[in-house]
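sequence and predicted structure are below.
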Amino acid sequence: MSRAAFQLAARYVLRHRLQSALLAGALGLVFALPLCLRVLMDHAQRELRARAAATPQIVGTRGSALVLMMTALYFKRENLTPLSMAALNSLRQEDNHASVIPLHVRYHSQGAPIVGTDLDYFPFRALRIARGKNLTRLGDCVVGAALAKRRGLQPGGHVFSSPEQAFDMAGVYPLKMRITGILTANGTPDDDAVFVDLKTAWLIEGRSHGHNDLAEDKSVVLKQEDKNIVGNAAVMMFNEVTDANLGSFHFHGDAATFPLSAVLVLPQTAKAEALLAGRYAKSKEEQLIRPRDEMEALLTQLVRLEGFGASALLLTATAALLVTALVFALSFRLRRREFQTLEDVGVSRLALVSVQALEIVLIAVAAAVVGAVLLSVASHAAPHLLRLVV
């Protein structure tokens with residue numbers, strides 16, 4: 001193919017740049033979509049498997065194993081029957097060679113999950129305090145790196161819990177929580193969460209409260225029997241824990257009945273893991289799941305769905321290729337007089353065929369560039385898209 005043929009093809013493509021750009025963009029898009037889907041699925045499978053593999057076992061109430069797993073690993077606020085503190089105490093008291101980490105995931109702060117747990121959770125997930133300090137008292141929280149960056153949060157600031165219902169007039173007041181620290185980023189859902197201790201999570205739930213000393217303000221006393229004072233509806237509850245009012249906060253009810261969403265179980269040996277699995281296999285109220293097994297079952301279904309999606313995209317790409325061939329055929333037919341003129345001035349038929357072939361090649365190269373850009377964007381966006389979906 002001569003240089004003159006290339007120049008003729010390039011000039012035509014540049015002269016009709018809008019038509020060429022639309023054609024290249026459409027081709028690049030339809031052929032890049034299956035590859036982008038593959039990239040996103042590969043990344044999702046790696047991340048989901050890694051999070052599940054890092055968590056040996058989860059204990060929760062009987063029900064959907066998938067819901068329990070998503071609650072414990074990804075802090076989804078599902079309609080999950082709560083586990084009692086008695087179940088956690090039982091695990092801790094037994095000599096089962098396993099560490100346990102409780103989780104209470106029910107409330108949120110403007111969409112960010114509030115996770116009630118204990119300090120063992122942070123080394124388990126390789127989370128460290130990047131700025132500030134860890135939890136020190138009731139009402140404190142530490143914030144994930146991505147959430148802190150997105151909202152501009154700093155140690156010493158505050159976040160509020162959100163009510164479960166928009167117009168819950170009789171509900172619990174939103175709790176103003178003091179931010180004591182910002183966690184390091186680890187590229188997991190931990191980066192988008194607010195972490196508190198279990199007592200603070202129960203405080204949000206209304207199982208604890210603080211108020212002024214009723215003995216000093218008789219106007220809010222409903223009745224008094226010996227040392228027991230009952231306040232009326234005029235008693236103002238504190239919606240923030242401070243050093244000054246910390247001593248006024250107290251819990252009501254039996255602590256053994258206080259709720260948990262799940263318990264992460266970390267057996268020290270394979271034998272301990274098998275013994276725990278056997279114990280909960282007989283339980284009618286509680287269940288023990290292995291996140292790795294549950295995740296593999298979920299991913300098997302996702303792979304099947306991906307196959308259907310890839311087949312649909314392949315059919316779309318085939319249709320786009322046929323339409324592109326039709327566009328080129330019609331274009332060359334409409335330009336028949338132009339080619340006839342070039343042939344009359346001495347351009348050979350071989351040169352004209354070369355011009356047509358080069359036009360197709362230039363469009364294909366442009367389409368490949370568009371596809372490569374889309375694939376690169378998909379690779380960089382995969383972690384963020386996974387956070388939005390999961």
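Good, I have the coordinates.

which residues in the stretch 151-300 of the chain form strands?
158-160, 176-183, 194-197, 208-209, 221-225, 228-231, 250-251, 259-260, 262-267, 286-289 (DSSP state E, counting those that start in this stretch).

can I get those in a markdown table with distance to residue 337 and mean neighbour count?
Where C-beta positions appear, they are placed from N, C-alpha and C, glycine not excepted. Below are the strands of the stretch 151-300 of the chain laid out as a markdown table (distance: least, C-beta to C-beta, whole Å; neighbours: other C-beta atoms under 10 Å):
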| stretch | distance to residue 337 | mean neighbour count |
| --- | --- | --- |
| strand 158-160 | 72 | 17 |
| strand 176-183 | 70 | 21 |
| strand 194-197 | 71 | 25 |
| strand 208-209 | 87 | 18 |
| strand 221-225 | 99 | 11 |
| strand 228-231 | 96 | 13 |
| strand 250-251 | 90 | 11 |
| strand 259-260 | 80 | 22 |
| strand 262-267 | 75 | 21 |
| strand 286-289 | 73 | 19 |
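
got these as CSV, with mean pLDDT columns?
Formatted as CSV, the strands of the stretch 151-300 of the chain follow (pLDDT from 0 to 100):
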stretch, mean pLDDT
strand 158-160, 94
strand 176-183, 95
strand 194-197, 96
strand 208-209, 72
strand 221-225, 48
strand 228-231, 47
strand 250-251, 78
strand 259-260, 93
strand 262-267, 93
strand 286-289, 93
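
what helix or strand is residue 130 located in?
Per DSSP states H and E, residue 130 falls inside strand 129-132.

what do you get for residue 113?
strand 112-117.

and residue 30, by the same measure?
With DSSP H and E as the test, residue 30 turns up in helix 17-53.

off-centre distance for that helix?
20 Å (C-alpha atoms, centre = their mean, to the nearest Å).

next, the buried residues of it.
20, 23-24, 26-36, 39-41, 43-45, 47-48, 51-52 (16 or more other C-beta atoms under 10 Å).

so which elements touch it?
Contact partners of helix 17-53 among helices and strands, from 3 or more C-beta pairs under 8 Å, 6 or more residues apart in numbering; DSSP states H and E: helix 65-74, helix 291-334, helix 349-389.

and those, which is most packed in?
Among the helices and strands packed on helix 17-53, ranked by average contacts under mean count of other C-beta atoms under 10 Å, first place goes to helix 65-74 (a mean of 20).

who does the helix or strand following that one touch, helix- and strand-wise?
Next helix or strand after helix 65-74 toward the C-terminus (DSSP H and E): strand 83-84. Counting contacts by 3+ C-beta pairs under 8 Å, 6+ apart, strand 83-84 packs against strand 57-61, strand 259-260.

residues contacting the shortest one, please?
What that stands for is strand 259-260. 82-85, 87-88, 102-104, 106, 198, 202, 205 (C-beta atoms under 8 Å, 6 or more residues apart in numbering).

what lines up beside that strand in the sheet?
Strand pairing for strand 259-260, using DSSP bridges, gives strand 83-84 (antiparallel).

next helix or strand past the partner strand?
Strand 83-84 is succeeded, C-terminally, by helix 85-93 (DSSP H and E).

now that next one: mean pLDDT?
Across helix 85-93, pLDDT averages out at 88.

same check on stretch 56-66?
On average, stretch 56-66 scores 92.

okay, buried residues for it please.
Quick answer for stretch 56-66 (16+ other C-beta under 10 Å): 56, 57, 58, 59, 60, 61, 65.

does the third one touch residue 261 like I think?
In this case it means residue 58. No. Using C-beta atoms under 8 Å, residue 58 is not in contact with residue 261, being 10.0 Å away.

shared neighbours of those two, which are they?
residue 72.

paired strands for the strand holding residue 113, with orientation please.
Partners of strand 112-117, by DSSP bridges, with direction: strand 98-109 (antiparallel), strand 194-197 (parallel).

other residues contacting that strand?
Residues contacting strand 112-117 (C-beta under 8 Å, 6+ apart): 75-77, 101-108, 121, 141, 144, 147, 159, 161, 189, 192-198, 200-202, 204.

again with stretch 322-339
Against stretch 322-339 from outside (C-beta under 8 Å, 6+ apart): 23, 26, 27, 352, 356, 359, 360.

determine which two of those are furthest apart.
Longest distance between any two of the contacts of stretch 322-339 is 26.1 Å, between 26 and 352; criterion C-beta to C-beta.

quick check: which ranges of the stretch 251-390 of the chain have low pLDDT?
Under the criterion pLDDT under 70, the flagged ranges of the stretch 251-390 of the chain are 384-390.

looks like residue 125 contacts residue 190 (just checking).
Yes. Between residue 125 and residue 190 a contact is recorded at 5.6 Å, counting by C-beta under 8 Å.

who has more neighbours, the two?
residue 190 (24 against 19; other C-beta atoms under 10 Å).

from residue 148, how far off is the more buried one?
Noted for residue 190: a distance of 12 Å to residue 148, by C-beta to C-beta, to the nearest Å.

can you pull the residues that touch both of those two?
What both residue 190 and residue 148 touch, as defined by C-beta under 8 Å, 6+ apart, is the set residue 183.
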